[in-house]
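Peer 1: what would the 3D arrangement of this be:
(chains A and B)
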There are 2 protein chains.
Amino acid sequence: MTVGRPVALSRDEALALDRSDALAGFRERFLPAEPGLIYLDGNSLGRPPRAARDRLLRVVEHEWGERLIRTWDEGWFELPRRIGDLIATSCLGAAPGQTIVADSTTVCLYKLISAALDARPDRDEIVTDRHNFPTDRYVVEGIARSRGLTVRWLDAEPEPAAIEELVGERTALVTLSHVSFRSAAIADMAAINERVHAAGALVLWDLCHSAGAIPVELDATGTDLAVGCTYKFLNGGPGAPAFMYVREEHQAALSQPIWGWIGRRDPFEMEQGYVPADGVTALLSGTPSVLGLVAVEEGVRLVAEAGIDAIREKGRALTSLAVDLHEAWLAELGFTLVTPRDQDRRGAHVSVAHPRGRGLSRALIGAGVIPDFRPPDMIRLGLSPLTTSFADVWDGFDALRGIVAAV
Amino acid sequence: MTVGRPVALSRDEALALDRSDALAGFRERFLPAEPGLIYLDGNSLGRPPRAARDRLLRVVEHEWGERLIRTWDEGWFELPRRIGDLIATSCLGAAPGQTIVADSTTVCLYKLISAALDARPDRDEIVTDRHNFPTDRYVVEGIARSRGLTVRWLDAEPEPAAIEELVGERTALVTLSHVSFRSAAIADMAAINERVHAAGALVLWDLCHSAGAIPVELDATGTDLAVGCTYKFLNGGPGAPAFMYVREEHQAALSQPIWGWIGRRDPFEMEQGYVPADGVTALLSGTPSVLGLVAVEEGVRLVAEAGIDAIREKGRALTSLAVDLHEAWLAELGFTLVTPRDQDRRGAHVSVAHPRGRGLSRALIGAGVIPDFRPPDMIRLGLSPLTTSFADVWDGFDALRGIVAAV
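Peer 2: Purely as a prediction, here's the structure:
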């Protein structure tokens, strides 16, 4: 039980929390899910803003349909930087001109990891952790193999002291997730950056489970590089393009490996020889997906309108309710809380482990409550502050305790 | 003047060609452009199918909105292969299981060029041509620089004899465009493949200006690798994801460099260590863009329904009319035809050069006729068989000759 606050053990108490929720009105800004569905997976796929549907219609009918190719000069070319800046300034604690939206998270990771390694050619080690998201680990493995580098694996979620032990004069890059996709634990970005920089290495943060859920301070913490997805708490749509951040002071020196026409200076002169465009535009490669980008912009606009601090506050309250309900109902049914109990140390999802987690997760989905399952035994409940109500949390946990008792 | 066929020098004759056009009905399957606009740039950005708008609405409201994360298992994961197979079998002369849609054309080129070079580790040269599309050239340059390879440049559009002179025992890969983005000249794929293979090298074809415009025979010509975009003659939308083809016999041996979770075997087991998925699925890296993919599928469906042979026939007729009008009207006004006169040797666009091409192109756009301009002096007119009428061609050329006379 979280110290100092009441536990909403009755559904009426959860409803009362919803009535006093300053962000409650944002739920109406999203398209409806199936009637009765309790969606606790906004950390895998955020829900569609109504504005995204309307914007897509306008883009298809007016911009693509009527204006056609001319729209590239009338706004499409600006989208990657404009949306990057909106994410940066509303969620990432980053000044404009350092963030751009393009490609999948995986391709973005590949570009920035490659660029970082090229910037430390005399070093041959990459540090990451076994709990990092799979695609982050696989990208690192692929690059390490092709370059003959060594991966130094941390076997736990990253703590500053553990990172300090792993880094040294051979470390080129440390790449970690800011919020663990498993436990929701928040890594100490500032303290880790300091240890990494003391070793002369660069640091790249994966912000997939942070962006749009908790405030990030990229500029203030001295972060070198970051990547994050837009289809979770930013509600950008399935497979939406991801963002890359490159600290301004590194932009001139870092070069990403996938040279394409959209990242070149004066692309439509179509000249011989690649010359990178200025600033973060050089992170682009091919023609960016306009349909993907405009949906992202509408998702980010809602986050910016609500404000990341208010979102963070509600995320703390939602996860606190979930932790309390776990303690009150689930702990005695064989569950373990994977997520930190300290609300300042967790993001906006809560994971609970159970030996029969895989089957329970399936049964929960059958009962109209959507979590996701993460092997080997984790049920992960995403509590997306703009779309999840306190009653949703109560109902979801109530369904889960009922299923455990029944199965 | 094209030998053996009448020149439609009057607008009535062009209208008569439209009346006898078996594909004329397809124009109604696309959303309308601005009233009065003559759009001759379907080779840069194809127009939106009405079905794409309707599909996007269904995907946003029902799949993303109502079904949410469950739709990945209910169809989204199949999209990259299913659409790849549809393109392959309807347009590329390729059996299923060799083509997949994902990432931008540039990223797709990067993946397949890298994979090809890894498969020829004892060779240190890449052959391409100075007339190749800019992004193709830049990707090659970036990879060559990072690996210390030599690029051997052909200074002309590719002919089999010229390629034979450039390839040898040091050649790892030859990468060329099938239809030139400048002249629309079609390269002799079969003959070039033979010369490349005789030297023990691999060949990669860029099909951006072929796919959906002219039949391609990837399987029959022994092509190793191909990449192509979907936003031109396949009408997939601005920045739509591209496709990759890897000949079945190469799939086990080739490994692309951007290892991500969606290309891994059993991605949702989230295990340690990357193990590629079977077949072309291993070409995937990150989560594919669903909004981009579904729009592509609707565009490709229209092409499949019309049939690539009928599309090719109309493309021949449209470009023949354009060539005839150039000869009759433009040649004496200082224009040069860049596109081959032989209708079997050109794709579905026609390029004309003029010393004042840049200004004329701007004036043409001001007059409501949309071509594109390619430096230094080329006006490129894309004649997309599903959406361009013979009257469009007549009106476009009529406007151009009027502008030249007036400027």
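
Peer 1: every contact and neighbour count from this point should use C-alpha atoms.
Peer 2: Fine.

Peer 1: once you drop chain neighbours, what's closest to the residue most central in space within chain A?
Peer 2: Against the mean C-alpha coordinate of chain A, by C-alpha atoms, centre = their mean, the closest residue is residue A:208 at 1.7 Å. Distances taken as C-alpha to C-alpha, 6 or more residues apart in numbering or on different chains place residue A:228 nearest to residue A:208, at 4.3 Å, with adjacent residues excluded.

Peer 1: ok, now residue A:51?
Peer 2: residue A:298 (6.1 Å).

Peer 1: and the one you found, how far is that from residue A:90?
Peer 2: Distance, residue A:298 to residue A:90, by C-alpha to C-alpha, to the nearest Å: 13 Å.

Peer 1: repeat for residue A:340
Peer 2: 26 Å.

Peer 1: same deal with residue A:188?
Peer 2: Counting by C-alpha to C-alpha - residue A:188 and residue A:90 are separated by 20 Å.

Peer 1: one more: residue A:117?
Peer 2: 29 Å.

Peer 1: check residue A:63 too.
Peer 2: 27 Å.

Peer 1: same thing with residue A:329?
Peer 2: Per C-alpha to C-alpha, residue A:329 is found 37 Å from residue A:90.

Peer 1: and those two? Which one has more around it.
Peer 2: Taking other C-alpha atoms under 10 Å in any protein chain shown, residue A:329 and residue A:90 do not tie; residue A:90 has more neighbours (23 against 17).

Peer 1: so the more buried one is in contact with residue A:310, correct?
Peer 2: No. Look at residue A:90 against residue A:310 with C-alpha atoms under 8 Å: they stay out of range, at 11.8 Å.

Peer 1: which residues of chain A fall in helices?
Peer 2: Under the criterion DSSP state H, helices of chain A are mapped to A:11-19, A:50-58, A:79-87, A:105-118, A:134-147, A:160-166, A:189-198, A:290-306, A:308-325, A:357-366, A:390-406.

Peer 1: how about the third one as CSV, C-alpha atoms only?
Peer 2: Put plainly, it is helix A:79-87. The C-alpha coordinates for helix A:79-87 follow below in CSV (Å, rounded to 0.1, in the frame of the first residue of the first chain):
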residue,chain,number,x,y,z
LEU,A,79,6.7,17.4,-41.0
PRO,A,80,9.7,15.4,-39.7
ARG,A,81,11.3,18.4,-38.0
ARG,A,82,8.1,20.2,-37.0
ILE,A,83,6.8,17.1,-35.2
GLY,A,84,10.3,16.3,-33.8
ASP,A,85,10.4,19.8,-32.3
LEU,A,86,6.9,19.4,-30.8
ILE,A,87,7.8,16.1,-29.1
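
Peer 1: near chain B, anything from it?
Peer 2: No. Helix A:79-87 lies apart from chain B when judged by C-alpha under 8 Å from any C-alpha of the partner chain; the minimum separation is 11.9 Å.

Peer 1: give me the contacts around the strand ranked longest in chain A.
Peer 2: Identified as the longest strand of chain A according to DSSP state E is strand A:171-177. Strand A:171-177 is contacted by residues A:113, A:116-117, A:120-121, A:123-129, A:132-133, A:158, A:187, A:196, A:199-208 when judged by C-alpha atoms under 8 Å, 6 or more residues apart in numbering or on different chains.

Peer 1: strand partners of it, parallel vs antiparallel please.
Peer 2: With DSSP bridges as the test, strand A:171-177 is paired with strand A:125-129 (parallel), strand A:202-206 (parallel).

Peer 1: could those strands be laid out in TSV, adding mean pLDDT?
Peer 2: Below are the strands paired with strand A:171-177 laid out as TSV (pLDDT from 0 to 100):
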stretch	mean pLDDT
strand A:125-129	98
strand A:202-206	98
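
Peer 1: how about JSON lines for those strands, with mean neighbour count added?
Peer 2: Below are the strands paired with strand A:171-177 laid out as JSON lines (neighbours: other C-alpha atoms under 10 Å in any protein chain shown):
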{"stretch": "strand A:125-129", "mean neighbour count": "24"}
{"stretch": "strand A:202-206", "mean neighbour count": "24"}
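
Peer 1: just send those back as JSON lines, with distance to residue B:263 too.
Peer 2: What follows is the strands paired with strand A:171-177, written out as JSON lines (distance: least, C-alpha to C-alpha, whole Å):
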{"stretch": "strand A:125-129", "distance to residue B:263": "21"}
{"stretch": "strand A:202-206", "distance to residue B:263": "19"}
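
Peer 1: sorry, back to before: can you pull the phi/psi pair for the residue nearest to the centre of chain A?
Peer 2: Main-chain dihedrals, residue A:208, degrees, to the nearest 10: phi -50, psi -40.

Peer 1: first to last residue in stretch A:21-31, what's the distance?
Peer 2: Distance between the boundary residues of stretch A:21-31 (C-alpha to C-alpha) amounts to 20 Å.

Peer 1: ok, that stretch near chain B or not?
Peer 2: Yes. Judged by C-alpha under 8 Å from any C-alpha, stretch A:21-31 comes into contact with chain B through residue A:31.

Peer 1: avg pLDDT for that stretch?
Peer 2: Here stretch A:21-31 scores 98 as its mean pLDDT.

Peer 1: now stretch A:394-407
Peer 2: 93.

Peer 1: which of the residues in that stretch are buried?
Peer 2: A:394, A:395, A:396, A:397, A:398, A:399, A:400, A:401, A:404 (16 or more other C-alpha atoms under 10 Å in any protein chain shown).

Peer 1: contacts for it, please.
Peer 2: With C-alpha under 8 Å, 6+ apart, stretch A:394-407 has contacts from A:11, A:14, A:38, A:40, A:321-322, A:325-326, A:329-330, A:333, A:360, A:363-364, A:367, A:369.

Peer 1: can you dump the C-alpha atoms of that stretch in PDB for me?
Peer 2: Listed next in PDB are the C-alpha coordinates belonging to stretch A:394-407 (Å, rounded to 0.1, in the frame of the first residue of the first chain):
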ATOM      1  CA  TRP A 394     -10.400  -1.000 -10.800                       C
ATOM      2  CA  ASP A 395     -12.400  -3.000 -13.300                       C
ATOM      3  CA  GLY A 396      -9.300  -4.500 -14.800                       C
ATOM      4  CA  PHE A 397      -7.900  -5.600 -11.500                       C
ATOM      5  CA  ASP A 398     -11.300  -6.800 -10.400                       C
ATOM      6  CA  ALA A 399     -11.600  -9.000 -13.500                       C
ATOM      7  CA  LEU A 400      -8.100 -10.300 -12.900                       C
ATOM      8  CA  ARG A 401      -8.700 -11.400  -9.400                       C
ATOM      9  CA  GLY A 402     -12.000 -13.000 -10.500                       C
ATOM     10  CA  ILE A 403     -10.200 -15.000 -13.200                       C
ATOM     11  CA  VAL A 404      -7.500 -16.200 -10.900                       C
ATOM     12  CA  ALA A 405     -10.100 -17.500  -8.500                       C
ATOM     13  CA  ALA A 406     -12.000 -19.200 -11.300                       C
ATOM     14  CA  VAL A 407      -9.200 -20.800 -13.400                       C
END
